[in-house]
Each structure stands twice: as C-alpha cells, then as structure tokens.
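Engineer: From the sequence below, what's the structure:
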Amino acid sequence: MGLNLPAGRRKAARVTLLTSLVEGEAVHLARDFAYVCEAEFPSKPVAEYLTRPHLRGRNEMATRKNMLLAAQQVCQEFTDLLHQDRTPNGNSRPAPVLEANIQNCLSHFSLMTHGFGSQAICAAVSAMQNYIKEALVIIEKSYMNPGDQSPPDSSKTLEKMEKHRK
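Structural biologist: Okay, the predicted model is just below:
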C-alpha cells in the first residue's frame, strides 16, 4: 500500500467513514467533488444574492470590493500552500518543499483522510474564489453604472441561454 504509519497512530485516530476508503477511492472521490464544485456550484447566483445588499452607494461598494479582494488574496495563499503539500500517496514519494513542521501537519491530515482532505478543501475554496470573482464583476459593473445598482434581470436569461448552448 505504500504507507508507513506507526503502530499506535491508527488506534489513536478517530474512525470516520474515510477510514474505510483506500487511497485510490478517496482521491477519486476528491476529484469528483472538485468537478462538481467547479461545474455545478452556483457562483454567479450566490454572488448576485449576497452582493445585492451592498450596492446602495459608492462607499459601500468600495468597502465590499476591498473585503472581497482581501478574501481573494487569503484564499489564494491558502490554496497555494495546500498545492505545495508533498504527502506520499500510494507509490508517489515527492520531495518535500515545505518546512518539516507544516508538512508533517499536512501529511497527518492527508493520512487521516486517505488523500481526500486537502483536495476537497481546495475544491471548496475554489468554489469560494469563483463566487468572489463573480461578486467583483457585479460590483465593478455597478460602480461603473451608478444609476443601475442591482444585478440585471437579463442575467437569468443569459444563464439559461448559456446552459442551453452547452
């Protein structure tokens, strides 16, 4: 299997549903979850819904934009770190690039989730980043057109047309 776990480590860890998965199944599940997050998470409608209350004035829009940009930066730093995780998985033994203390923590988490955890978190954060991008687009459009401070109703029509085109 390729994992070197100390004898007491398995007994010390809490048993979860992920415990029953082998690494290949967990990684496959994580990839499927990432695909569903990317393809099906309603980033644009969520962004429209959550951004609408913040389009009342230029100051409020500027504040919201700054908050979204800061969140975008933090999400990017977080996913960049997770993408540097070099936990051995299956027969793969990549050379570590992170400091040993953080790599050990990430490896422990990965071993407890059989490789599912970090990939699933990256998928969820990616969905969050897509929401943030959509919210920034809405704010930019509203900031440029201060008379029209609500997301256009035609966006629903455009979304239907895009889905139909696919």
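Engineer: May I ask which helix or strand encompasses residue 48?
Structural biologist: helix 43-51 (DSSP states H and E).
Engineer: Mind giving me the packing neighbours of that helix?
Structural biologist: Counting contacts by 3 or more Cβ pairs under 8 Å, 6 or more residues apart in numbering; DSSP states H and E, helix 43-51 is packed against helix 116-144, helix 154-165. Where you see a C-beta, it was placed from the backbone N, CA and C, and this is true even at glycine.
Engineer: again, only this time at 10 Å
Structural biologist: helix 58-83, helix 116-144, helix 154-165 (3 or more Cβ pairs under 10 Å, 6 or more residues apart in numbering; DSSP states H and E).
Engineer: Pull out the buried positions in whichever helix or strand comes after the first one.
Structural biologist: Toward the C-terminal end, the helix or strand that comes next after helix 58-83 (DSSP H and E) is helix 100-113. The neighbour-count check on helix 100-113 (16 or more other Cβ atoms under 10 Å) flags 103, 106, 107, 109, 110, 111, 112, 113 as buried.
Engineer: before we move on, the earlier item: what distance separates the helix holding residue 48 from the centre of its chain?
Structural biologist: Chain-centre distance of helix 43-51: 16 Å, with Cα atoms, centre = their mean, to the nearest Å.
Engineer: same question for it, mean pLDDT?
Structural biologist: For helix 43-51, the mean pLDDT works out to 98.
Engineer: shouldn't residue 121 be in contact with residue 113?
Structural biologist: Yes: using Cβ atoms under 10 Å, residue 121 is in contact with residue 113, at 9.5 Å.
Engineer: Max pairwise distance over the buried residues of helix 100-113: which two?
Structural biologist: Maximum pairwise distance in the buried residues of helix 100-113, criterion Cβ to Cβ, is 15.7 Å, between 103 and 113.
Engineer: can you pull the contacts of the spatially most central residue of the chain?
Structural biologist: Closest residue to the average C-alpha location of the chain: residue 125 at 1.6 Å, with Cα atoms, centre = their mean. Taking Cβ atoms under 10 Å, 6 or more residues apart in numbering, we find residue 125 in contact with 37, 74, 75, 76, 78, 79, 82.
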